[in-house]
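A.B. asks: Sequence first, then the predicted structure:
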Amino acid sequence: MKILITGVCGFVGSALAECLLERVEGVRVAGIDNLMRSGVETNRMRIERLGVEFIHGDLRSASDIANLPACDWVIEAAANPSVLAGLSGAGSSRRLFEHNLAALGNVLEYCREQKAGLLLLSSSRVYSIPALAAIPLRVHDQAFAVDPAAPLPVGLTMDGIGVDFSTAAPLSLYGATKLASEIIALEYGAAFHFPVWITRCGVLTGAGQFGTPAQGIFAFWVNAHLRRRSIHYIGFNGTGYQTRDAFHPRDLAALLVTQMRTARSDGQRVYTAGGGPSNAMSLAQLTAWCDERFGCHSPAVDPEPRMYDIPWVAMDNTRAAKDFGWQIEISLPTILEGIAQHAYNHPDWLEVSHV
């Protein structure tokens, strides 16, 4: 089997490449990346040593796509990862559109021509911001959590947010591009008869993730706390109670492998996957973890709300567990220990990431 990974030199793309080579016997992995992000050269060298066929190219260029080798599956891991993308100071809205939608059009044409299946990595940010903000929450142990005594909206259970939760606008510019990507990918698959699986991911994180808030808040917070850099509780009255679930790309790889091996041609094609409520943590809890690990370092407080910020997100894994037998194996404390060890071993990581 031949697998092509887009954005292969990013944290997620490179981690998936490594995991697939370990998990799938006889697999050949190729990947394309434009190498425009800070720090990705280190991942390129690592995956090439592992035997990944690397192609330097830009998915926005149809001619670059035309030179790609044939494959059986494409893992679409290339996108602008920041929910603030397209806003002033976070890159232009045109650039966001080009990276997250125009580039996908070229990838889908490649899948059509090759009859290759598509595994599209989507996001928890495809959901309605007003609906997310209206989730009934309580404060428990310095973190927001779903209130078990309150009536819950469609698509939300105590296991987390599922596929049926509201995707009504506004979502954010970034979230809109990801939701549109899902729709057009499903339409291409149906029209041209190639399989499409879509996974709406919670926060993917782990050792070696670039230390910027936009690319990975857990990795950034650990690295910045250790180096005594500036960190901030933004919005939510400056409490740091905002909470996210997190999981490791190795766990995601296990789900993707199972999806590729599933021959089902109908039924549900969109799934949610993440750490779930049991693998979730607030910024305040993360700070406490870092204080214990590295010594005290207090965040600054900025109580003013920021556009697109939401208090709580944790993905519901029950359908993925039911249909694919998939479950999280790497706990959040284990992930954080890995990030901390990497931070100790790479004192210049924030500079590599241009923070």
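C.D. replies: Yes, it's here.

A.B. asks: When you work out contacts or count neighbours from here on, use the C-alpha atoms and nothing else.
C.D. replies: Fine.

A.B. asks: outside of whichever strand or helix holds L96, which residues touch it?
C.D. replies: In this assignment (DSSP states H and E), L96 forms part of helix 93-97. The contact list for helix 93-97 (Cα atoms under 8 Å, 6 or more residues apart in numbering) reads N80, A85, G86, L87, L173, Y174, T177.

A.B. asks: and the host helix or strand of V222, C-alpha only, in PDB?
C.D. replies: Assigned by DSSP H and E, V222 belongs to helix 217-226. Taking C-alpha atoms only, helix 217-226 is exported to PDB below (Å, rounded to 0.1, in the frame of the first residue of the first chain):
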ATOM      1  CA  ILE A 217      -1.200  25.500  23.100                       C
ATOM      2  CA  PHE A 218      -0.100  22.600  25.300                       C
ATOM      3  CA  ALA A 219       3.400  22.500  23.800                       C
ATOM      4  CA  PHE A 220       3.700  26.200  23.800                       C
ATOM      5  CA  TRP A 221       2.600  26.500  27.400                       C
ATOM      6  CA  VAL A 222       5.100  23.900  28.700                       C
ATOM      7  CA  ASN A 223       8.000  25.400  26.800                       C
ATOM      8  CA  ALA A 224       7.200  28.900  27.700                       C
ATOM      9  CA  HIS A 225       6.600  28.100  31.400                       C
ATOM     10  CA  LEU A 226      10.000  26.200  31.600                       C
END
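
A.B. asks: Report all helices and strands that it contacts.
C.D. replies: Where contact means 3 or more Cα pairs under 8 Å, 6 or more residues apart in numbering; DSSP states H and E, helix 217-226 is packed against helix 283-294, helix 332-345, helix 349-352.

A.B. asks: quick one, what contacts the closest residue to Y174 other than its chain neighbours?
C.D. replies: Closest residue to Y174 apart from its sequence neighbours, by Cα to Cα, 6 or more residues apart in numbering: V83 at 5.3 Å. V83 makes contact with R125, S172, L173, Y174, G175, A214, Y308 under the criterion Cα under 8 Å, 6+ apart.

A.B. asks: Of those residues, grab the buried ones for PyMOL.
C.D. replies: Selection of buried members from the contacts of V83 for PyMOL, criterion 16 or more other Cα atoms under 10 Å:
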select buried, resi 125+172+173+174+175+308
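
A.B. asks: Next, the buried residues of the helix holding V222.
C.D. replies: Applying 16+ other Cα under 10 Å to helix 217-226 flags I217, F218, A219, F220, W221, V222, N223, A224, H225, L226 as buried.

A.B. asks: pretty sure Q142 is touching Y241, no?
C.D. replies: Yes: at 5.7 Å, Q142 and Y241 qualify as touching, with contact defined as Cα atoms under 8 Å.

A.B. asks: In which helix or strand does I55 reside?
C.D. replies: In this assignment (DSSP H and E), I55 forms part of strand 53-56.

A.B. asks: Can you give me the first-to-last residue distance of stretch 264-275?
C.D. replies: 26 Å (Cα to Cα, to the nearest Å).

A.B. asks: what ranges do the helices span in this structure?
C.D. replies: For the chain, helices defined by DSSP state H occupy the ranges 11-23, 40-50, 62-66, 93-97, 103-114, 129-133, 173-192, 217-226, 249-260, 283-294, 318-324, 332-345, 349-352.

A.B. asks: So what touches the second one?
C.D. replies: Translated: helix 40-50. By Cα under 8 Å, 6+ apart, helix 40-50 touches V8, C9, G10, F11, S14, A17, E18, L35, F54.

A.B. asks: Stretch 156-169 - what's its average pLDDT?
C.D. replies: Taken as a whole, stretch 156-169 has an average pLDDT of 98.

A.B. asks: hang on, the earlier thing: distance from the chain centre to the strand holding I55, please.
C.D. replies: Counting by Cα atoms, centre = their mean, to the nearest Å, strand 53-56 is centred 22 Å from the centre of its parent chain.

A.B. asks: Listing partners with orientation, what would you give for it?
C.D. replies: With DSSP bridges as the test, strand 53-56 is paired with strand 28-33 (parallel).

A.B. asks: contact partners of the strand it pairs with?
C.D. replies: Taking Cα under 8 Å, 6+ apart as the rule, strand 28-33 contacts 1-9, 17, 20-21, 51-59, 78.

A.B. asks: Just the buried residues of these.
C.D. replies: Buried subset of these (neighbour count, 16+ other Cα under 10 Å): 3-9, 17, 20-21, 52-55, 57-59, 78.

A.B. asks: Tell me the buried residues in stretch 72-84?
C.D. replies: Buried-residue list, stretch 72-84, by 16+ other Cα under 10 Å: W73, V74, I75, E76, A77, A78, A79, N80, P81, S82, V83, L84.

A.B. asks: out of those residues, which one sits closest to I184?
C.D. replies: Of all these, E76 has the smallest distance to I184: 13.4 Å, by Cα to Cα.

A.B. asks: Great, nothing more from me.
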